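Colleague: Provided below are the primary sequence and the corresponding predicted coordinates.
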Amino acid sequence: MTAGTGRHDPDGYAGLPVGAFLDALAAGSPSPAGGSAAALVLAQAAALCAKSARLSARQLTADRAGQLTAAAEQARAEAAALIDDDPLAYQAVLKALRRRADVAPGAEDAGAGLTAALSAAANVPLRLVELAVPVTAIAVTLAADGKPALRGDAQAAGLLAQAAARAAACLVHINLAGSPGDARHARADALLASIDEQLA
């Protein structure tokens, strides 16, 4: 599966019925976990935006509603793809942990593989934070100018996007805990601040 294509493996987590996905989250296995949950929340926020935009053509004009719908659907597709990308990234972390356990203590490369895997794993939740910014912007626009009857849905979408971004940013910081100077720490925080400002 490729993030951003809107395509997911029908046998992956993103293709599960809601109940089955929740069962998978609750199971005693390493994945899916927090990253997949955050991705699902953001996908739902984008889906609510798409609904609100589709039903707001009279308030926004058909062209504007179509633009917002297309943008929301693109974000929904990418967020949904990340539901499965996050477990794949975490699998690489688990493999690195196993390899490190097999390496003699003090060996030069004992922690290098794990650091690299954690760094790569941070890219998935960071992408979620990045995606949450335009989803929030769409939600704010729809809450202000869209169909009044759907204002609650648009506001819910903005809050869901914010929650997904906060959860994902937390994962970015955890994955990069061993690299405090990594620029992605500051980027995640700046994006969160942008989202908070939009919703203020």
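Modeller: Received it, and whenever you're ready, just let me know what you need.
Colleague: give me the contact list for the worst-scoring helix or strand of the chain on mean pLDDT.
Modeller: Least confident helix or strand of the chain, by mean pLDDT, DSSP states H and E, is helix 112-121 with a mean of 90. With Cβ atoms under 8 Å, 6 or more residues apart in numbering as the test, helix 112-121 has contacts from 86, 89-90, 92-93, 95-97, 99-100, 175-176, 178-179, 182. For every residue, glycine as well, the C-beta is placed using N, CA and C.
Colleague: and the next element down the chain from that helix?
Modeller: helix 123-145 (DSSP states H and E).
Colleague: tell me the buried residues within the contacts of helix 112-121.
Modeller: 86, 89, 90, 92, 93, 96, 100, 175, 176, 182 (16 or more other Cβ atoms under 10 Å).
Colleague: any idea which element the third one lies in?
Modeller: It refers to residue 90. With DSSP H and E as the test, residue 90 turns up in helix 62-102.
Colleague: now for that helix, which elements pack on it?
Modeller: If contacts are counted by 3 or more Cβ pairs under 8 Å, 6 or more residues apart in numbering; DSSP states H and E, helix 62-102 sits against helix 34-54, helix 57-60, helix 112-121, helix 123-145.
Colleague: comparing those helices by mean pLDDT, which bottoms out?
Modeller: Mean pLDDT is lowest for helix 112-121 out of the helices and strands packed on helix 62-102, coming in at a mean of 90.
Colleague: now do the buried residues in it.
Modeller: 113, 114, 117, 118, 119, 121.
Colleague: find the nearest non-adjacent residue to residue 82, please.
Modeller: residue 39 (4.1 Å; Cβ to Cβ, 6 or more residues apart in numbering).
Colleague: list the contacts for that neighbour?
Modeller: With the criterion set at Cβ under 8 Å, 6+ apart, residue 39 makes contact with 79, 80, 82, 83, 85, 86, 128, 164, 168.
Colleague: separation between the fourth one and residue 190?
Modeller: Same thing as residue 83. 25 Å (Cβ to Cβ, to the nearest Å).
Colleague: repeat that for the third one.
Modeller: Residue 82 sits 20 Å away from residue 190, going by Cβ to Cβ.
Colleague: of these two, who's got more company?
Modeller: Using other Cβ atoms under 10 Å as the criterion, residue 82 and residue 190 rank with residue 82 on top: 29 against 12.
Colleague: out of the helices and strands packed on helix 62-102, nearest to residue 199?
Modeller: Nearest to residue 199 among the helices and strands packed on helix 62-102 is helix 123-145 (6.5 Å), distances taken as Cβ to Cβ.
Colleague: for the closest one, the distance to its chain's centre please.
Modeller: Distance of helix 123-145 from the chain centroid (Cα atoms, centre = their mean, to the nearest Å) equals 10 Å.
Colleague: that one to helix 62-102, inter-axis angle?
Modeller: 160 degrees (axes from the mean of the first three to the mean of the last three Cα atoms, to 10 degrees).
Colleague: which positions in whichever helix or strand comes after helix 123-145 come out as buried?
Modeller: Once helix 123-145 ends, the next helix or strand along the chain (criterion: DSSP H and E) is helix 151-175. Within helix 151-175, the residues that count as buried by 16+ other Cβ under 10 Å are 153-158, 160-162, 164-173, 175.
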